[in-house]
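Visitor: Provided below for reference: sequence and predicted model.
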Amino acid sequence: MSDIRDPTLAGPGARRIEWAAEHAPVLRRVRERIVDDASLRGRLVGVVLALEPKTAFLACVLADAGADVVLTCNAAMTNDDVAAALDERGVTVFARSDASPDDEQQYYAEVLARHPEVVIDDMAELIRLAHLEHSHALADLRGATEETTSGVSLLRTMASDGALRVPCIAANDARCKHLFDNKYGSGQSVLSALMDTTNLLIAGTAVLIVGYGWVGRGLARVARGLGARVTVAEVDPVAALEAHHDGHEIATVSDACERADWVITATGCRRALPMRAIGRCKPGVVLANAGGPSDEIDVDGLRAGATVIREVRPHVVEYALTDGPAVLLVGDGRCVNLSAGEGHPIEIMDLTFSIQVLAARHLALHGAEMGPGLHPLPTEIDDAVAREKLATLGVEIDELTPDQRAAAADWQRASSA
């Protein structure tokens with residue numbers, strides 16, 4: 001039995017899911033494959049992802065393949081109409097836009113109580129809870145596939161500590177995921193959410209990007225393309241040097257905040273934008289988080305240090321600080337492209353979710369023999385998704401000849417032979 005807010009919203013939600021499906025040709029092809037091979041038939045699959053139309057189509061693909069799907073999401077990233085449409089489709093959904101933090105924890109527990117065989121995870125939420133509080137769920141769990149950079153980092157730490165008891169695939173590290181989702185998806189969707197939510201101009205303004213991983217690279221690329229002056233703050237010297245060679249200014253967070261009109265975090269780190277830096281911002285600066293963790297911006301510090309807190313537009317809250325400027329926070333410090341927007345473009349998530357479905361299939365078939373730990377996505381899955389995408393675009397590429405393959409494998413032959 002699902003827990004959703006309003007079942008009467010199923011009609012509009014279904015139309016939004018249909019639109020996503022129409023623009024996801026790779027995932028439609030993947031659906032044909034897994035329906036035919038019955039690899040997920042009868043499997044219980046737990047999903048923790050932002051509940052919007054693209055995720056819903058992913059859940060429908062799994063259900064079409066015969067999987068029993070149970071899905072949950074936090075309140076800030078739940079579309080109630082999409083939840084209703086999935087429930088009507090037969091997918092078990094624990095997600096409401098009015099859910100409390102306690103409700104959300106109960107929803108995670110509900111998913112784990114059903115003993116999923118495979119988990120498609122976000123921020124390693126289910127895997128972490130399974131290890132800490134719901135170890136009973138590990139007995140039937142063949143493995144998990146992780147969506148985010150932050151989640152992969154957490155799983156890597158668990159594995160290095162010897163705590164990870166099931167195989168997990170680092171789906172985020174797949175080339176067809178992070179090279180497109182993190183870079184092009186975040187670049188477009190974050191800036192689109194900020195422009196739509198604030199109705200403010202990017203061109204001619206100063207944008208500070210905190211973090212220059214794949215998400216930060218995408219943000220900087222799009223912001224500069226829109227006419228902004230981009231400054232990057234980094235703790236990794238190599239990433240900072242790369243940002244410099246990409247033509248961006250480099251500065252510390254605190255120094256750059258003095259000049260920034262927009263500050264966007266993209267680090268995966270707690271309090272990447274601390275109060276000491278926010279206190280040096282210009283009045284009216286717009287703050288937003290493009291990373292996974294909801295505390296990359298010190299929102300608790302903002303609440304504690306503000307004399308006045310008021311919503312000035314939907315998803316935009318002004319904090320007038322006692323000992324600092326009045327700043328604008330978009331999306332409550334949560335990942336802004338989903339908390340204040342519609343997420344990545346469908347064509348980008350077509351790649352990501354194709355990776356996720358095929359990773360789930362791989363775990364269902366081979367998880368028992370993989371062993372506990374963090375595993376890369378098999379290269380053949382990455383390549384297959386890329387080839388399917390090229391096929392949908394009508395693009396052909398060359399292949400190495402047998403002689404070229406033999407030469408590449410023959411280390412004893414001189415290169416000039």
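Guide: Received the coordinates, thanks.
Visitor: contact partners for the residue nearest to the spatial centre of the chain?
Guide: Centroid-nearest residue in the chain: T148, 5.0 Å away (criterion: C-alpha atoms, centre = their mean). Residues in contact with T148 (C-beta atoms under 8 Å, 6 or more residues apart in numbering) are 122-124, 172, 268, 292. (Each C-beta comes from the backbone N, C-alpha and C, glycine too.)
Visitor: farthest-apart pair in the residues you listed, please.
Guide: D122 and G268 (12.9 Å; C-beta to C-beta).
Visitor: list residues touching both of these two?
Guide: 148, 292.
Visitor: do a quick rundown of the helices in the stretch 201-350 of the chain.
Guide: Along the stretch 201-350 of the chain, counting by DSSP state H, counting those that start in this stretch, helices occupy 214-225, 237-245, 253-257, 275-278, 299-305, 336-339, 346-370.
Visitor: using pLDDT, spot the least trustworthy of the contacts of T148.
Guide: Within the contacts of T148, G292 has the lowest pLDDT, namely 87.
Visitor: what helix or strand is the closest residue to that one other than its chain neighbours on?
Guide: Nearest residue to G292, sequence neighbours excluded (C-beta to C-beta, 6 or more residues apart in numbering): S150, at 3.8 Å. Applying DSSP states H and E as the criterion places S150 in helix 149-160.
Visitor: report the buried residues of that helix.
Guide: For helix 149-160, a neighbour-count test (16 or more other C-beta atoms under 10 Å) marks 149-156, 158-159 as buried.
Visitor: tabulate those in TSV, adding columns for distance to R33 and pLDDT.
Guide: Shown next, in TSV, are the buried residues of helix 149-160 (distance: C-beta to C-beta, whole Å; pLDDT from 0 to 100):
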residue	distance to R33	pLDDT
T149	28	93
S150	30	93
G151	26	96
V152	26	97
S153	31	95
L154	31	96
L155	27	98
R156	30	97
M158	31	97
A159	30	97
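Visitor: can I get the residues you listed in TSV including distance to R217?
Guide: Below are the buried residues of helix 149-160 laid out as TSV (distance: C-beta to C-beta, whole Å):
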residue	distance to R217
T149	12
S150	17
G151	19
V152	17
S153	17
L154	22
L155	23
R156	21
M158	27
A159	26
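Visitor: picking up where we left off before, what's next to the very next helix or strand once past the helix holding S150, contact-wise?
Guide: Counting by DSSP H and E, the next helix or strand C-terminal to helix 149-160 is strand 167-169. Contacts with strand 167-169, where a contact means C-beta under 8 Å, 6+ apart, come from 121, 124, 127, 142-146, 155, 159, 359, 362-363, 367, 370-377.
Visitor: and stretch 399-409, by the same measure?
Guide: R413.
Visitor: let me see the contact set for the residue nearest to G292.
Guide: 123-124, 268, 291-293.
Visitor: quick one: it from A139, how far?
Guide: S150 sits at a distance of 27 Å from A139 (criterion: C-beta to C-beta, to the nearest Å).
Visitor: got it, and S160?
Guide: For S160 relative to A139 (C-beta to C-beta), the value is 24 Å.
Visitor: T72 too?
Guide: Here the criterion is C-beta to C-beta. By it, T72 lies 20 Å from A139.
Visitor: out of the two, which sits in the more crowded spot?
Guide: Set T72 next to A139 and count neighbours by other C-beta atoms under 10 Å: T72 wins out with 28 against 8.
Visitor: quick check: that one touching V93?
Guide: Yes. With contacts counted by C-beta atoms under 8 Å, T72 reaches V93, the gap being 7.4 Å.
Visitor: the stretch 101-250 of the chain: strands as residue ranges?
Guide: Using DSSP state E, counting those that start in this stretch, the strands of the stretch 101-250 of the chain run over 118-121, 143-146, 167-169, 206-210, 229-233, 249-250.
Visitor: circling back: for the residue nearest to the centre of the chain, which non-adjacent residue is spatially closest?
Guide: Spatial nearest neighbour of T148, excluding adjacent residues (C-beta to C-beta, 6+ apart): G292 at 4.7 Å.
Visitor: what is the neighbour count of E133?
Guide: 13.
Visitor: quick check: it vs H315, distance?
Guide: Distance, E133 to H315, using C-beta to C-beta: 32 Å.
Visitor: and what of A272?
Guide: Counting by C-beta to C-beta, the gap from A272 to H315 is 21 Å.
Visitor: so what's the residue count around the spatially closest residue to D323 that is not a sequence neighbour?
Guide: Leaving aside its chain neighbours, D323 sits nearest to G279 (6.6 Å; criterion: C-beta to C-beta, 6+ apart). Neighbourhood size, G279 [other C-beta under 10 Å]: 17.
Visitor: on that earlier part again, out of the helices of the stretch 201-350 of the chain, the one nearest L321 is which?
Guide: helix 299-305 (5.1 Å).
Visitor: that older thread, which residues touch the residue nearest to T148?
Guide: 122-123, 148-151, 268, 335.
Visitor: for the residues you listed, which one is nearest L287?
Guide: Comparing the contacts of G292 against L287 with C-beta to C-beta places C335 closest, at 13.4 Å.
Visitor: surely that closest one and A288 touch.
Guide: No. Counting by C-beta under 8 Å, C335 stays clear of A288, with 9.2 Å between them.
Visitor: of those two, who's got more company?
Guide: A288 (32 against 29).
Visitor: residues in contact with D236?
Guide: Counting by C-beta under 8 Å, 6+ apart, D236 makes contact with Y212.
Visitor: just the pLDDT at it, thanks.
Guide: Looking at D236, its pLDDT reads 98.
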